[in-house]
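> Provided below for reference: sequence and predicted model.
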Amino acid sequence: MSKYGTIPTSSSSSGAAPLGGASPLNFISRAKARGATALATRRPWRELGDLHAIGIPPSLADAYLRVRANLSHFAMNYAIVVLVVVFLSLLWHPVSLVVFLVCMVAWLALYFLRDEPIVLFGRVVGDGAVLAVLAVVTFILLLLTNATANILSALLVGLVLVVLHAALRKAEDNADDEVGRWYTPVPPPPSH
């Protein structure tokens, strides 16, 4: 068994149809474990929505520092917010919603949740190639649904909401938690 992924799996010894060398139940178990690991980095929604932590930044530099710290601290929460905005925008485009969900399943199965490399015609397909093909196919399929403008505007709305919240939320209480996790702080210049 290959050690390609981070979650060990066992090969399917029963008569079940293998999915990448493992049974569908193992695939679902791995997906649940990885989803739980990703969601473990989510911060409490009360912390995100704390109105006492909201304030206008005194300068553009302070707003930038707040955005950096809050994007790091609330990364999973912000990702969920953007995905919910995109999902809600697709409710009025059911064909696009189905295409979006099918593409999401393809991304999960072929890129995020696979434990072993993809082999085509006896050759290993690299992650970069898989990423490029999935991105192109997703883009083309979404173009064909005539909802591309809707999706791009929903992404823009989600990003504006995230950056606005990140700039307005005071980050003093969470900045120390994130040092070294996503970035290395730049020391202040020596004063003369």
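Yep, that arrived. Numbers count the residues shown, from 1 in each chain.
> every contact and neighbour count from this point should use C-alpha atoms.
Noted.
> what segments of this protein are helices?
With DSSP state H as the criterion, the chain has helices at 24-39, 45-48, 60-73, 75-90, 94-107, 127-144, 148-168, 175-178.
> which one of those helices is the most hemmed in?
helix 60-73 (a mean of 20; mean count of other CA atoms under 10 Å).
> could you give the average pLDDT over that helix?
When pLDDT is averaged along helix 60-73, the result is 87.
> what angle separates it from helix 75-90?
Orientation check (axes from the mean of the first three to the mean of the last three CA atoms, to 10 degrees): helix 60-73 against helix 75-90 gives 90 degrees.
> tell me what helix 60-73 is packed against?
Under the contact criterion of 3 or more CA pairs under 8 Å, 6 or more residues apart in numbering; DSSP states H and E, helix 60-73 touches helix 148-168, helix 175-178.
> got a list of contacts for the longest one?
What it means is helix 148-168. Residues outside helix 148-168 that contact it (CA atoms under 8 Å, 6 or more residues apart in numbering) are 54-57, 63-64, 66-68, 70-71, 78, 81-83, 85-86, 89-90, 142.
> hang on, isn't residue 119 packed against residue 129?
No - using CA atoms under 8 Å, residue 119 and residue 129 do not qualify as a contacting pair, with a distance of 11.9 Å.
> just give me the residue closest to the centre of this protein.
The chain has residue 79 as the residue nearest its centroid, 5.7 Å off, counting by CA atoms, centre = their mean.
> how close does that residue get to residue 72?
According to CA to CA, to the nearest Å, residue 79 and residue 72 sit 11 Å apart.
> now residue 118
Remark: distance between residue 118 and residue 72 (CA to CA) = 32 Å.
> returning to what we had before: redo the helices and strands packed on helix 60-73 as TSV? Include distance to residue 138 and mean pLDDT.
As requested, those are exported to TSV (distance: least, CA to CA, whole Å; pLDDT from 0 to 100):
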stretch	distance to residue 138	mean pLDDT
helix 148-168	11	89
helix 175-178	33	49
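> so which of those helices is nearest residue 102?
Nearest to residue 102 among the helices and strands packed on helix 60-73 is helix 148-168 (15.4 Å), distances taken as CA to CA.
> which residues touch residue 118?
So residue 118 contacts 110, 124-126 (CA under 8 Å, 6+ apart).
> by neighbours, which of those wins?
Of all these, residue 110 has the most neighbours under the rule other CA atoms under 10 Å, reaching 19 neighbours.
> run a quick check on that one versus residue 130, I expect a contact.
Yes - with contact defined as CA under 8 Å, residue 110 reaches residue 130; the gap is 7.5 Å.
> and the helices of the chain as TSV, adding distance to residue 191?
Below are the helices of the chain laid out as TSV (distance: least, CA to CA, whole Å):
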stretch	distance to residue 191
helix 24-39	42
helix 45-48	35
helix 60-73	18
helix 75-90	34
helix 94-107	50
helix 127-144	46
helix 148-168	27
helix 175-178	23
